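Asks: mind folding the following:
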Amino acid sequence: MLYDARVDKESTLSKRLKVTSLLKRAILGTLLLVFGIFGSAWLFDASIEKPSARFAVPQLSPDNMNRY
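Replies: All right, here's what the predicted structure looks like:
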């Protein structure tokens, strides 16, 4: 029985493709997880009302005490 090199080459190629696809999946999954965490934190931070100067309460100081 003769040794067929094509079978061996195909099996190593398929193993290599499986490894690269698993690596791609792992990298993409990690990136999606990181961007998902930071993106949700950014959106949550943007949804919190921050005090703006328009609604700020004027501070009382000796200079402007006579106005109130």
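Asks: if I look at residue 14, how far off is residue 24?
Replies: 16 Å (Cβ to Cβ, to the nearest Å). Any C-beta I mention is one placed from the backbone N, CA and C, and that applies to glycine too.
Asks: all helices for the chain, in order.
Replies: For the chain, helices defined by DSSP state H occupy the ranges 5-47.
Asks: shaky segments in it?
Replies: Along the chain, segments meeting pLDDT under 70 span 1-10, 47-68.
Asks: how about a cut-off of 80?
Replies: Applying pLDDT under 80 to the chain flags the ranges 1-13, 44-68.
Asks: number of residues surrounding residue 35?
Replies: Neighbour count for residue 35, taken as other Cβ atoms under 10 Å: 11.
Asks: tell me how many other residues crowd residue 16.
Replies: Using other Cβ under 10 Å: residue 16 sits among 10 other residues.
Asks: and the one 10 residues further on, by the same measure?
Replies: The number of residues packed around residue 26, counting by other Cβ under 10 Å, is 10.
Asks: what separation do you get for it and residue 41?
Replies: The value you get for residue 26 to residue 41, if Cβ to Cβ is used, is 23 Å.
Asks: also residue 33?
Replies: Distance from residue 33 to residue 41, by Cβ to Cβ: 13 Å.
Asks: same question, residue 16
Replies: 38 Å.
Asks: ok, now residue 30?
Replies: 17 Å.
Asks: likewise residue 29?
Replies: 19 Å.
Asks: report the contact partners of residue 24.
Replies: Residues near residue 24 by Cβ atoms under 8 Å, 6 or more residues apart in numbering: none.
Asks: from here on, call the first residue 242.
Replies: That works, and once the first residue is 242, the last one we named lands at residue 265.
Asks: how far away is it from residue 277?
Replies: 18 Å.
Asks: ok, now residue 268?
Replies: 15 Å.
Asks: check residue 287 too.
Replies: For residue 287 relative to residue 277 (Cβ to Cβ), the value is 16 Å.
Asks: understood, closing this out.
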